[in-house]
Each structure stands twice: as structure tokens, then as C-alpha cells.
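Here is my input; please provide its structure:
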Amino acid sequence: MTRGGRDTNREDGPERKCIATGEVQPKHGLIRFVAGPEGRIVPDLAGKLPGRGLYVSADRAAIDKAAKKNLFARAAKQPVQVPEGLSDLLEQMLAKRVIDLISLARKSGEAVAGYEKVKAKLQMEEATVLIQAEDGSGRGKTKLSTPYGGRYIGWLTADELGAAFGRQTVIHAALGSGGLVPRIVEEAMRLKGLRASSQPATASEDHGGKARRKG
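Predicted structure coming up:
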């Protein structure tokens, strides 16, 4: 509980306050940082490093504000060194994290790639997440729909998806309902905040080629 009586461990997970926006939100929508032994700010994406956690919304504008306004030092109550290009560094780290998790899902049989395989998985209602490369053909992407009640990830490149599946490029992929899927979605949403927050939202970013529909 906070001093004001607010429960910081709600159904959607523990909550923390963003040092840049002042908003309190679930931890999974934030990025944790710690001050290292030499006062260097270190991203802690896994949330396991020792030390007092400094939380910033997974949003490029919030990260840039925290770095430029010296908010890390204020929150840590000590002088700190912030890595140059922190937002870009975080984007790279999160992209690798998502790629590695999708790769693990592929090895466990919970991720498939290729238009026909994805289409079949969607038709059999075995998919919970549709993934499409942001630089793939818009016309091709409209032929597949986000599963009803499912999620859509559309801000990875064809090269990045290819790396996850051991191929040169991948445009279409789908995830089942295995234990890794919630983690993939969570990390992908954090990546979206670093990658897509400065871009205008489009229907394809939220729903794939078509809006979510039943059946």
C-alpha cells in the first residue's frame, strides 16, 4: 500500500511510479533501471539486478525526458551517469529480447511462420497472437486477421522476424497459447513504446490487416 492507501499490487501486477511522468502503472509497462557501483545507470529489463529500482514508462519520450532533465539523479538521490543514446540502446535490447523469446517459442512448437502455416493456425483457432513485419506488403497483410480476442504485433521488421525463425526474412508469424506467449506480448508492447510512440497509429498497428473479428 502507498501512503495514500493505494494498493500497489493489483490484479494486473505490482505498480510503480514513473520518474518522468509521475504516473503510477503496472510494472510490466515500465522499464527498471538501477545505479551501478560507479553511478552508471543500467537498464534492468529482467528486473533482477540488486539495488533500488528507478522506473520509467516504456515510452521513448519518457526515457528521453528522464535522461535530459537529470531525473535519474534526482530519483537516485546521487550523481549518476546516463548512457548516451539511452532510448536507442533500450530499443535494441528490447528487440533482441522479443526475438529471442519468439525463437524459444518456435523451438517449443508454439510459433509458426509463413503465410500458409499462419493461415492454417488461425483457421483452426490455435493462434492467440498474429505477428506481421512492419515492412511487409500492406496488401499481403490484409489477407490475415488478428484472432478474435487475441493480440497483434506489427512493429518488428522482416529481418528481425527472420532472425527469430532462423531465416533471412519473415513477414507472417503466429503464436499459440504456451507459457512464453504472455511474456512475448509484454516485451513486444514495451518495445512498441520505444519504437512506435513517435509514429501515428494506424489500423494495421493495432489489428493487422483486418480488424479483430469472431470466427
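
Residue nearest the middle of the chain, spatially speaking?
With distances taken as Cα atoms, centre = their mean, the residue of the chain nearest its centroid is Ala188 (2.4 Å).

Can you tell me, leaving aside adjacent residues, what's nearest to Ser57?
Distances taken as Cβ to Cβ, 6 or more residues apart in numbering place Cys18 nearest to Ser57, at 4.5 Å, with adjacent residues excluded. Yep, even glycine has a C-beta here, placed from its N, CA and C like the rest.

For stretch 109-118, which residues meet the burial criterion?
Judged by neighbour count using 16 or more other Cβ atoms under 10 Å, the buried positions of stretch 109-118 are 110-113, 118.

Low-confidence stretches in this structure?
Scanning the chain with the threshold set as pLDDT under 70 gives 1-12, 196-215.

looking just at contacts, which helices and strands does the lengthiest helix in it meet?
Secondary structure of the chain read by DSSP state H shows that its longest helix is helix 86-107. In terms of contacts (3 or more Cβ pairs under 8 Å, 6 or more residues apart in numbering; DSSP states H and E), helix 86-107 is packed against strand 41-43, helix 60-68, strand 111-113, helix 158-165, strand 172-175, helix 181-195.

which outside residues touch that helix?
31, 41, 43, 45, 58, 60, 63-64, 67, 83, 111-113, 131, 156, 160-161, 163-166, 173, 175-176, 178, 180-181, 183-184, 187-188, 190-191, 194-195 (Cβ atoms under 8 Å, 6 or more residues apart in numbering).

Now find how far off-centre it is within its chain.
8 Å (Cα atoms, centre = their mean, to the nearest Å).

what does stretch 144-164 give?
Distance, centroid of stretch 144-164 to centroid of chain: 12 Å (Cα atoms, centre = their mean).

repeat for stretch 78-89
20 Å.

how deep is the closest residue to the residue nearest to the centre of the chain other than its chain neighbours tucked in, by neighbour count?
Spatial nearest neighbour of Ala188, excluding adjacent residues (Cβ to Cβ, 6+ apart): Ile153 at 4.7 Å. When neighbours are counted by other Cβ atoms under 10 Å, Ile153 registers 26.

In this structure Ile153 contacts Val129, no?
Yes: using Cβ atoms under 8 Å, Ile153 makes contact with Val129 at a distance of 6.4 Å.
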